[in-house]
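Chemist: Sequence first, then the predicted structure:
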Protein chains: 2
Amino acid sequence: MKTRRANSRDKILAAAADVAREAGPGSLSLDAVASRAGVSKGGLLYNFPTKAKLMQGLVENYLRAFELALESGRVAGASGESLLATYIRLSADDCEEPKPTASWMFSAIAEDPDFLTPIKAFKSQLLQRLKSETPDLKALLVCFLAIEGLRSMNLFDSDVLSADERRLLVSALLEIAG
Amino acid sequence: MKTRRANSRDKILAAAADVAREAGPGSLSLDAVASRAGVSKGGLLYNFPTKAKLMQGLVENYLRAFELALESGRVAGASGESLLATYIRLSADDCEEPKPTASWMFSAIAEDPDFLTPIKAFKSQLLQRLKSETPDLKALLVCFLAIEGLRSMNLFDSDVLSADERRLLVSALLEIAG
DNA sequence: CTTACTGTACCGTCTGGACGGTCTTGTCAA
DNA sequence: TTGACAAGACCGTCCAGACGGTACAGTAAG
């Protein structure tokens, strides 16, 4: 890409996610991120000229990672597996971890709700793709929304479901998805 | 309750929700809420001594309203309707409105993620109740999570689903719920 | 006299961001 | 090979503004 030395950008992005998760989304200040990343505030501002740019970087990073995971999940999955099934599997794995990985999203929303726009667009596009590949729209909607629910629970750190229940749900969804 | 004059408390709560929705969850300051509620800052601090108390009030208000709606929904619904079906209907109605009514939740999370605890507890309890009344656990989980997904979409102001699709989803869920 | 405020002035803290300086690395002419 | 210099990457400090919260004097209703 661009950076020649150690990649500060990624360190900063990771640090921001850590801070949001551990200190709470309201405590995601530039100072906190900089010190967590082992970088001075000046250095942080060099990589991300404004806080908004930092948030944007977080969002883009997130979307890119998800896209990549979806692609490589398609390859790794059983051949003939539908995209919907891959998506279900992948999301279930994501939600396996007890701690939410995307608390920073709340910080972004607080900063400016428009940061959600790319995420909405991504989801919209994904649903579109799924629709074109899935014959049963009803089943698709149910699965898609249920996964959305699972993701939101993970995001909110809601341990309402037990691990067993989560597994049961996923198997039920895969069954519905066909 | 306690208040004798015009109920400032409710006005303030409503104003806080409005500010969060219109100006963004990050702009929920005491000053903004006070001026929106047509109340002086002193008056606001009289009703809610700290910002945290305000958030708590918002959460409690929300939960109380939901509980009430669920109860009156049980009465209003077709006799013999299961609790799960009532919950689905109710949530679908909630999500009919295009604009999210609970943006303040993001402010609360930013303030302190622990404000979610009562909400988590409420949901946990609701699921427990549903489990004891629903024979098919699989179906219950699918429906519960799908509704959760629908709610989260509404919260995030995600118009990924069209109105038709939403209706189709709800009818599918009611079918699954039996 | 108490309750339920209003209105204003004020304080300490925190935060985003601007700014100027510094160290390192790559380039290129002599 | 070397020395000059430009650009890139980062440091550390400072500041204006916003925010939560306090204090207090006043007042209208019951």
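Modeler: Looks like it came in fine. Numbers count the residues shown, from 1 in each chain, chains lettered A, B, ... in the order given.
Chemist: Return the residues in contact with A:Gly26.
Modeler: A:107, A:110, B:109-112 (C-beta atoms under 8 Å, 6 or more residues apart in numbering or on different chains). (C-beta placed from N, C-alpha, C; glycine too.)
Chemist: Could you chop chain A up by domain?
Modeler: Chain A is divided into the following domains under automatic domain parsing: A:1-49, A:52-177.
Chemist: To DNA strand D, which of these lies closest?
Modeler: Nearest to DNA strand D, of all these, is domain A:1-49, at 2.2 Å by C-beta to the nearest atom of the strand.
Chemist: Which positions in chain A make contact with DNA strand C?
Modeler: By C-beta under 7 Å from any atom of the strand, the residues of chain A that approach DNA strand C are A:4-5, A:27-32, A:41-42, A:45, A:49-52.
Chemist: Report pLDDT for the most centrally placed residue in chain A.
Modeler: Central residue of chain A (C-alpha atoms, centre = their mean): A:Tyr62, 5.2 Å from the mean position. Note for A:Tyr62: predicted pLDDT of 96.
Chemist: Counting neighbours, which of the residues of chain A next to DNA strand C comes out on top?
Modeler: Compared across those, A:Leu28 has the highest neighbour count, 27 neighbours, by other C-beta atoms under 10 Å in any protein chain shown.
Chemist: Please, where are all the helices along chain A?
Modeler: A:8-23, A:30-37, A:41-47, A:51-76, A:83-94, A:104-111, A:117-133, A:137-155, A:163-177 (DSSP state H).
Chemist: how about those helices in JSON lines, adding distance to B:Gly80?
Modeler: Compiled in JSON lines, the helices of chain A are given as follows (distance: least, C-beta to C-beta, whole Å):
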{"stretch": "helix A:8-23", "distance to B:Gly80": "46"}
{"stretch": "helix A:30-37", "distance to B:Gly80": "55"}
{"stretch": "helix A:41-47", "distance to B:Gly80": "61"}
{"stretch": "helix A:51-76", "distance to B:Gly80": "43"}
{"stretch": "helix A:83-94", "distance to B:Gly80": "33"}
{"stretch": "helix A:104-111", "distance to B:Gly80": "41"}
{"stretch": "helix A:117-133", "distance to B:Gly80": "35"}
{"stretch": "helix A:137-155", "distance to B:Gly80": "24"}
{"stretch": "helix A:163-177", "distance to B:Gly80": "25"}
